[in-house]
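Q: pasted the sequence and its predicted model underneath.
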Amino acid sequence: MLFTNVTPSPFDLSFRLLGVPVRITPVFWVVALVLGGSASPDMAVVWVAAVLLSVLVHEFGHALLQRGFGGEPSIVLYAFGGYASAVGVRDGWWRSVLISLAGPAAGFALFGLTWAARQSFGLPDSPQARVFVGSLLWVNLVWSLVNLAPIYPLDGGRVARELCVRFLPATTGVVASLLLSITVALALAVWSWNATGSLWNVALFAALAFENYQTLQQYNLSRGA
Ligand SMILES: [Zn+2]
């Protein structure tokens, strides 16, 4: 979702899961570790395992629907998550919308399953297992919600782009989706600073706002506006 065309390196971990090629870049591990900020090594491993499972489930939500619509998907895990791309997916704006929504939907499903398991069986005894369950709940709720924000290229931004281009004149649609992305990203940067005081969140949303601003400028230049 966030990045596309990350070039392969010898340090990538590559394997197939459910018939889908998966590539994990070194940056994924580094960013996951830094975001966790764990004091002890074993809790850091537990946190990274929870992030890995959550991001894989999210991307498989996209990938399995891409396959359902005739595509051949592959998954790359990168800094803030990853992306699932596919060749041969049948055309149709509503298919693109459903594929974008399938990632957050898979995340909410994992959140629901984990929450139901905790309600039914209670919290596990071991501290590591408790942190794993807590991390799964937190990552799947927050990551799925963030991805639904209508900021391109997050999943919600892709949905907004498809809908704007579908229901507005083509040029107006692209500009409207970019302006929406910039506005929401700036609003979330301010809101997350007030709510969490985390520079990570501010940097993420500010970078997204800037990226969309640059795209808007290039788009206006290219059509002589
Ligand atoms: Zn996604």
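A: Great, that's in hand.
Q: quick one: contacts for residue 208?
A: 151, 154, 181, 185 (CB atoms under 8 Å, 6 or more residues apart in numbering). Every residue, glycine included, has its C-beta placed from N, CA and C.
Q: can you tell me which of these is nearest residue 87?
A: residue 154 (22.4 Å; CB to CB).
Q: so what's the residue in the chain positioned nearest to the ion up against?
A: Taking CB to the ion, the ion has its nearest neighbour within the chain at residue 103, 3.1 Å off. Residues counted as contacts of residue 103 (CB under 8 Å, 6+ apart) are 1, 58, 59, 61, 62, 84, 144, 147, 155.
Q: tell me which of those fall in helices.
A: The helices, defined by DSSP state H, take in 58, 59, 61, 62, 144, 147, 155 from the contacts of residue 103.
Q: among these, which ones lie close to the ion?
A: residue 155 (CB under 5 Å from the ion).
Q: which among the ones in helices among the contacts of residue 103 count as buried?
A: Among those, the ones that count as buried by 16 or more other CB atoms under 10 Å are 58, 59, 61, 62, 144, 147, 155.
Q: tell me the contacts of the fifth one?
A: Just to be clear, that refers to residue 144. Counting by CB under 8 Å, 6+ apart, residue 144 makes contact with 58, 103, 104, 105, 107, 108, 111.
Q: ok, 7 Å please
A: Neighbour list for residue 144: 104, 107, 108, 111 [criterion: CB atoms under 7 Å, 6 or more residues apart in numbering].
Q: who's in contact with residue 49?
A: Here residue 49 is in contact with residue 132 (CB under 7 Å, 6+ apart).
Q: what helix or strand is it on?
A: Secondary structure assigned from DSSP states H and E places residue 49 in helix 41-68.
Q: flag every buried residue along that helix.
A: 43-67.
Q: tell me which strands the helix or strand that it is followed by pairs with, and in which orientation.
A: Remark: after helix 41-68, the chain's next helix or strand is strand 72-78, criterion DSSP H and E. Taking DSSP bridges as the criterion, strand 72-78 pairs within the sheet with strand 20-24 (parallel), strand 81-87 (antiparallel).
Q: how far out from the middle of the chain is strand 72-78?
A: Offset of strand 72-78 from its chain centre (CA atoms, centre = their mean, to the nearest Å): 12 Å.
Q: what about it and the ion, any contact?
A: No - counting by CB under 5 Å from the ion, the ion is not contacted by strand 72-78; separation bottoms out at 10.4 Å.
Q: okay, the angle between that strand and helix 41-68?
A: Counting by axes from the mean of the first three to the mean of the last three CA atoms, to 10 degrees, strand 72-78 lies at 160 degrees to helix 41-68.
Q: and residue 106, what does it touch?
A: 57, 58, 60, 61.
Q: who touches residue 50 in this structure?
A: 132, 135, 136, 139.
Q: show me what contacts the nearest residue in space to it that is not next to it in sequence?
A: In this structure, residue 50 finds its nearest non-sequential neighbour in residue 135, 3.6 Å apart by CB to CB, 6 or more residues apart in numbering. Contacts for residue 135 (CB under 7 Å, 6+ apart) come out as 46, 47, 50.
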